[in-house]
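S.K.: Coordinates only, no sequence provided:
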């Protein structure tokens, strides 16, 4: 059944996406290859909407992806699946709190996981780039926009709104 | 009986306050993660006095190395501290609630608008914008986390591996965690 599958996939994301909202992107990208729930282009739209609406980005993306897959119940189930593993783990950790961050094993695991996660997000970005940037015109726009994002520190919402306006102006 | 009744009411009132606080945080913060820190501070430390500054920073640092969304993890920790498992569940539910409603309404509207040519152009622009934001995020992440040769090696190795063969994100995270674990046991054995 679609709901069980949805729950199981988002439970897995909740369990393995360590480090916050953006980390869920490569996992969601995996879903576009495995199922026909939503396309990679739709995933990019989800990221944009999730970053420009209130609430944690990871939760927004799970709700959106679940909704696109199986309507309102899909949105609720995907979000529940995403949140469940961390709620259980955090309640359990609350009892041994301070020992956890100081724990050398946890530190070593995190030093290894962080760069691997950075590589995962980079690859997802490259894959999305290949899908959307198909002409030199768009490539030039993308390069200019990246420089803007990198050198002027504005909020993601500002850039997403700006990109929407420029998309209309330049007829992308 | 009367005493139990008033205690029940006090507990309910406390749950209500937890619900309102975290609903507000979910409703008024954009961007997730560290972007949510100021509102967490204002609502939980300054207004309610639920936790201290140090506790909030602790929750954030643990939230970063536990699975799941950081802001949700912070909410669960704080809810648990205020009133145990039920507090944790209420805080988690409350911080998720605004997203659930807003996203589904918006997704429904956008799905019907996507045939409009203006909207199509706007989203073509937005896709490029999002890719730029993702690549920029990777650069920030690398600056923040890749300090040692081991970390540089891990980043490059995973990148080459991913270009060569298709691996699921789950497999990559498991592999990296295992490597960290082995490194720990080796250094301890020494």
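M.R.: Cool, the structure landed. Given the structure is predicted, the values throughout are model-derived calculations rather than measurements. Residues are numbered from 1 along each chain as shown, chains lettered A, B, ... in the order given.

S.K.: What about residue 121, how many residues nearby?
M.R.: Unless you meant another one, I'm taking chain A. Here the count is done by other CB atoms under 10 Å in any protein chain shown, and residue A:121 has 22 residues near it. Using the backbone N, CA and C atoms, a C-beta is placed for each residue, glycine as well.

S.K.: meant chain B, my bad for not saying
M.R.: Residues within reach of residue B:121, counting by other CB under 10 Å, total 19.

S.K.: likewise residue B:171?
M.R.: A total of 13 residues lie near residue B:171 under the criterion other CB under 10 Å.

S.K.: what packs against the helix or strand encompassing it?
M.R.: For residue B:171, the host element (DSSP states H and E) is helix B:169-189. For helix B:169-189, the elements it packs on are helix A:2-16, helix A:24-34, helix A:104-132, helix B:149-164, judged by 3 or more CB pairs under 8 Å, 6 or more residues apart in numbering or on different chains; DSSP states H and E.

S.K.: And stretch B:20-39, end to end?
M.R.: Terminal residues of stretch B:20-39 lie 13 Å apart, using CA to CA, to the nearest Å.

S.K.: in the helix or strand encompassing residue B:132, what counts as buried?
M.R.: Under DSSP H and E, the secondary-structure element containing residue B:132 is helix B:117-145. Applying a neighbour-count criterion of 16 or more other CB atoms under 10 Å in any protein chain shown, one finds B:119-138, B:141-142, B:145 buried in helix B:117-145.

S.K.: same deal with stretch A:77-86?
M.R.: Of the residues in stretch A:77-86, those buried by neighbour count under the rule 16+ other CB under 10 Å are A:77-86.

S.K.: per-residue confidence at residue A:96?
M.R.: As summarised for this prediction, residue A:96 has a pLDDT of 71.

S.K.: Against residue A:106, how distant is it?
M.R.: Distance, residue A:96 to residue A:106, using CB to CB, to the nearest Å: 11 Å.

S.K.: next one: residue B:39
M.R.: Distance of residue B:39 to residue A:106, given as CB to CB: 28 Å.

S.K.: same thing with residue A:148?
M.R.: The gap separating residue A:148 from residue A:106 is 38 Å, by CB to CB.

S.K.: can you check residue B:86 too?
M.R.: Relative to residue A:106, residue B:86 is positioned 28 Å away (CB to CB).

S.K.: again with residue A:78
M.R.: Applying CB to CB, one obtains 28 Å for the distance of residue A:78 from residue A:106.

S.K.: Tell me how many other residues crowd residue B:79.
M.R.: The burial count assigned to residue B:79 is 31, neighbours taken as other CB under 10 Å.

S.K.: and it, what element?
M.R.: Residue B:79 belongs to helix B:70-113 when assigned by DSSP H and E.

S.K.: excluding its backbone neighbours, what's nearest residue A:167?
M.R.: Leaving aside its sequence neighbours, residue A:167 sits nearest to residue B:125 (CB to CB, 6 or more residues apart in numbering or on different chains; 1.9 Å).

S.K.: Just send the helices and strands packed on helix B:169-189 back as a markdown table, with mean pLDDT and distance to residue A:51 too.
M.R.: Listed next are these as a markdown table, based on pLDDT from 0 to 100; distance: least, CB to CB, whole Å:
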| stretch | mean pLDDT | distance to residue A:51 |
| --- | --- | --- |
| helix A:2-16 | 95 | 17 |
| helix A:24-34 | 92 | 11 |
| helix A:104-132 | 85 | 14 |
| helix B:149-164 | 92 | 24 |
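
S.K.: so which of these gets nearest residue B:178?
M.R.: Residue B:178 sits nearest to helix A:104-132 of all these, at 8.3 Å, using CB to CB.

S.K.: The closest one packs against which elements?
M.R.: For helix A:104-132, the helices and strands in contact under the criterion 3+ CB pairs under 8 Å, 6+ apart are helix A:24-34, helix A:40-52, helix A:136-151, helix B:117-145, helix B:149-164, helix B:169-189.

S.K.: Those helices into JSON lines, with extra columns for distance to residue B:23?
M.R.: Putting the helices and strands packed on helix A:104-132 into JSON lines (distance: least, CB to CB, whole Å) gives the following:
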{"stretch": "helix A:24-34", "distance to residue B:23": "23"}
{"stretch": "helix A:40-52", "distance to residue B:23": "19"}
{"stretch": "helix A:136-151", "distance to residue B:23": "31"}
{"stretch": "helix B:117-145", "distance to residue B:23": "27"}
{"stretch": "helix B:149-164", "distance to residue B:23": "39"}
{"stretch": "helix B:169-189", "distance to residue B:23": "31"}
